[in-house]
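Colleague: Provided below are the primary sequence and the corresponding predicted coordinates.
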Amino acid sequence: MARLYSLNRREITLVLFSIIIFLVFYNFDATSDFLANPNLPGISSNPTADGGLDMDIYGDWVSDEKHISSVHEQQEKEDASEGDIWLKTDRIPEAQKQVIFGNIGVNDGFMHWGKDIPETRIVKHVAGFSIMDNVIMCNGTIFIVTDSPSSFPSLDSIASSADNSHEAPLPKEWDMLSIEQARNILGSYGGLIQGASWLSYDAVPSNYTLFSLWRTHSSLNTSTSPDPFRTPRRLFFPNVPTYKGIRPDLNGPIFRRHRSDSGFHPYLPKAAFPMLGLMYKEDWEDYALMEVPFVFERLVVADFGAAARLANDVPPFALPFVGLDASKEWWEPIRQNLAKFLHVNHRAQNLDSGREKTVVTYISRQDATSGPRLRKADHDALVDALETLHESNDFEVNIVSSEGPWAERLSAVAQSNVVMGVYGDSLADSVFMRASGRSALMEFFPSDVFIRDAETAVRSLGIRYIAWWNDQRFETDSLPPVTLGSDLAEEVQIDPASVVHAILDMVTRT
């Protein structure tokens, strides 16, 4: 019979030690909590006493299951009641959660209507801008389904041809069907695109596309509108590809492609319209190639070509401003979204309080590779004059480049109540300045050139507008006739002393 082997004291100690180590690491979380207990003798309650290594590894991010995302300490500086956009779910009422997060389930994307095909309803319309319910897209064609075509505006006042914005849309692009025709062509079931969708049908979007779409959409947010106001969920660009140029050969060399021009910086919708998803030509083609009709529950359409055919003396993007009613504060929620995202003061400015400075921002185009810019001598003189103004305790001055970082430029504009610069696309951002009774946009033109785009945009927000031809000043009641300029790198002359005098005159007026 074999003799049993007995462990000596050293071997027993090693076995017990191994078991303890195993149990400690197997239950590591519980052990960490135990050792971190500040009530235990010899355990420091100061988290920074020996936390250098932890800080180097993990940083100062805080994880909290009640946050939608981890929140850096910089984002915790302001309480949510002070306009913090970093939401905590335990601070959101149930009704607001439904508005923010929605209540659409995974099985709510398709519908079977049988013979009761959804009938299109026109909600609001002005040339080039329409709000409609139950618009159907199938195989790339947008259909209006109605037995009362006379109750709808003509298709050429709703949209244009993608190939030629001066002409009405082709039947393969937009069409109107009777209910019986729709049953035969579209069938008895399809997809459902829920909520409010935006559609920019232009092949060349404008810098004011988002501005005009929100103004059109805001016509539903009035005390006299019987229709519910729902924030937009997505924006389609059916005629704008995601990237510029010809698609590369997949078997060829790899090179970086540039995004197509959408009329705005790609960061802007993510900051100012954080719930708005963007879809381009390729996404639209995906829907078309599925060969199934899709019903837009609500569709807000912008087509600047259709607007231009009937705009007369108003810029095409501005037709919703003159043809559709909206709340006086229609743009303020969007402006505040951007200001909060950039972490700058989002409240309306009250210069009469005596506690706030006048903030002046000059958007310089001197670094631009094309287009107009100030004559170098005038640019230098204007910078010197503004820096002298900055030495006063009543003024804060920002000089930013139109080609500089987006956040730097928009942060300056969002805090300003006076913005100035050479005419062109870079002044479209002036709609985000802080409005007050003394807010103003100053736009510098070459002599005999004038464009109303920026003037129309800021005046719709109650912001004063001044145009300059050298030392000649024009305001709303004395604007020159519209005369287009050149895309060449032309030099613009101004009188900096007159510009600064106008700023001082505006600030001191009662």
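Modeller: Received it, and whenever you're ready, just let me know what you need.
Colleague: use CA for all of it now, contacts and neighbours both
Modeller: Noted.
Colleague: Pull the contacting residues for V499.
Modeller: D471 (Cα atoms under 8 Å, 6 or more residues apart in numbering).
Colleague: Just say helix, strand or coil for it.
Modeller: V499 falls in the helix class when you classify it by DSSP: H, G, I helix; E, B strand; the rest coil.
Colleague: any idea how far D471 is from it?
Modeller: Using Cα to Cα, to the nearest Å, we find V499 at a distance of 8 Å from D471.
Colleague: Check G140 too.
Modeller: According to Cα to Cα, G140 stands 53 Å off from D471.
Colleague: Compare the two (neighbour count), which wins?
Modeller: Shown here are G140 and D471; by other Cα atoms under 10 Å, G140 has more neighbours (20 against 14).
Colleague: That one touches D175, doesn't it?
Modeller: No - counting by Cα atoms under 8 Å, G140 does not reach D175; the two are 11.0 Å apart.
Colleague: beta partners for Q472?
Modeller: On the basis of DSSP bridges, Q472 is bridged to W469.
Colleague: Wasn't N337 part of a helix?
Modeller: Yes - checked against three-state DSSP, N337 lies within a helix.
Colleague: is it true that it touches L268?
Modeller: No - with contact defined as Cα under 8 Å, N337 and L268 do not form a contacting pair (10.3 Å).
Colleague: Those two: which is more packed in?
Modeller: Between N337 and L268, N337 has the larger neighbour count (other Cα under 10 Å), namely 20 against 16.
Colleague: gap between that one and V458?
Modeller: Taken as Cα to Cα, the span from N337 to V458 is 18 Å.
Colleague: what do you get for T483?
Modeller: Taken as Cα to Cα, the span from T483 to V458 is 19 Å.
Colleague: who's more crowded, the two?
Modeller: V458 (22 against 10).
Colleague: What residues of the helix or strand hosting the more buried one count as buried?
Modeller: Using DSSP states H and E, V458 maps to helix 453-459. Of the residues in helix 453-459, 453-458 count as buried by neighbour count, 16 or more other Cα atoms under 10 Å.
Colleague: Now do the contacts for V292.
Modeller: 138-139, 186, 190-191.
Colleague: can you pull out the strands in the stretch 401-510 of the chain?
Modeller: For the stretch 401-510 of the chain, applying DSSP state E, counting those that start in this stretch gives strands covering 418-422, 440-445, 464-469, 472-474, 491-492.
Colleague: What helices and strands are in contact with the helix holding V458?
Modeller: With contacts taken as 3 or more Cα pairs under 8 Å, 6 or more residues apart in numbering; DSSP states H and E, helix 453-459 sits against strand 464-469.
Colleague: Alpha carbons of the strand it packs on, as CSV, please.
Modeller: Extracted as CSV, the C-alpha positions of strand 464-469 are listed here (Å, rounded to 0.1, in the frame of the first residue of the first chain):
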residue,chain,number,x,y,z
ARG,A,464,-29.0,96.7,-38.2
TYR,A,465,-27.2,96.7,-41.5
ILE,A,466,-24.7,99.1,-43.0
ALA,A,467,-23.1,98.8,-46.5
TRP,A,468,-19.9,100.6,-47.4
TRP,A,469,-18.5,101.9,-50.7
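Colleague: got the angle between it and strand 440-445?
Modeller: 20 degrees (axes from the mean of the first three to the mean of the last three Cα atoms, to 10 degrees).
Colleague: Work out the gap between strand 464-469 and the centre of the chain.
Modeller: Put simply, strand 464-469 sits 27 Å off its chain's centre (Cα atoms, centre = their mean, to the nearest Å).
Colleague: Other residues contacting it?
Modeller: Strand 464-469 is contacted by residues 438-448, 455, 458-459, 473-476, 479, 493-494 when judged by Cα under 8 Å, 6+ apart.
Colleague: Just give the number of residues close to L192.
Modeller: Around L192 there are 18 residues (other Cα under 10 Å).
Colleague: where exactly do the helices run in the stretch 301-450 of the chain?
Modeller: 304-308, 319-323, 332-341, 376-390, 406-415 (DSSP state H, counting those that start in this stretch).
Colleague: In JSON lines, list these along with mean pLDDT and distance to I463.
Modeller: Below are the helices of the stretch 301-450 of the chain laid out as JSON lines (pLDDT from 0 to 100; distance: least, Cα to Cα, whole Å):
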{"stretch": "helix 304-308", "mean pLDDT": "95", "distance to I463": "24"}
{"stretch": "helix 319-323", "mean pLDDT": "94", "distance to I463": "14"}
{"stretch": "helix 332-341", "mean pLDDT": "95", "distance to I463": "13"}
{"stretch": "helix 376-390", "mean pLDDT": "94", "distance to I463": "21"}
{"stretch": "helix 406-415", "mean pLDDT": "96", "distance to I463": "14"}
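Colleague: So which of those has the densest surroundings on average?
Modeller: Mean neighbour counts were compared across these using mean count of other Cα atoms under 10 Å; the top stretch is helix 304-308, at a mean of 27.
Colleague: other SSEs contacting that one?
Modeller: Using 3+ Cα pairs under 8 Å, 6+ apart, helix 304-308 is in contact with helix 155-158.
Colleague: mind redoing it with 10 Å?
Modeller: strand 129-138, helix 155-158, helix 319-323 (3 or more Cα pairs under 10 Å, 6 or more residues apart in numbering; DSSP states H and E).
Colleague: among these, which is nearest S165?
Modeller: Distance to S165, taken as Cα to Cα, is lowest for helix 155-158 among the helices and strands packed on helix 304-308, at 10.1 Å.
Colleague: How about stretch 180-195, which residues are buried there?
Modeller: So for stretch 180-195, counting by 16+ other Cα under 10 Å, buried means 182-183, 186-195.
Colleague: Could you tell me which of those residues are located in helices?
Modeller: 182-183, 186 (DSSP state H).
Colleague: of these, closest to T216?
Modeller: Of those, the one sitting nearest to T216 (Cα to Cα) turns out to be A182, at 28.1 Å.
Colleague: Need the per-residue pLDDT for the closest one.
Modeller: Per-residue confidence at A182 stands at 97 (pLDDT).
Colleague: Look up which residues are beta-bridged to the closest residue to it other than its chain neighbours.
Modeller: Once flanking residues are discounted, A182 sits nearest to V145: 6.7 Å by Cα to Cα, 6 or more residues apart in numbering. Under DSSP bridges, the beta-bridge partners of V145 are L177.
Colleague: doesn't W174 make contact with V145?
Modeller: No - counting by Cα atoms under 10 Å, V145 stays clear of W174, with 11.2 Å between them.
Colleague: circling back: with distance to K124 as added columns, please give the helices of the stretch 301-450 of the chain in a markdown table.
Modeller: Output for the helices of the stretch 301-450 of the chain, formatted as a markdown table (distance: least, Cα to Cα, whole Å):
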| stretch | distance to K124 |
| --- | --- |
| helix 304-308 | 14 |
| helix 319-323 | 10 |
| helix 332-341 | 21 |
| helix 376-390 | 46 |
| helix 406-415 | 31 |
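Colleague: looking at those helices, which is closest to R9?
Modeller: helix 332-341 (66.8 Å).
Colleague: now the strands for the stretch 51-200 of the chain?
Modeller: Ranges of strands in the stretch 51-200 of the chain, per DSSP E, counting those that start in this stretch, are 110-112, 121-126, 129-138, 141-145, 174-177, 189-200.
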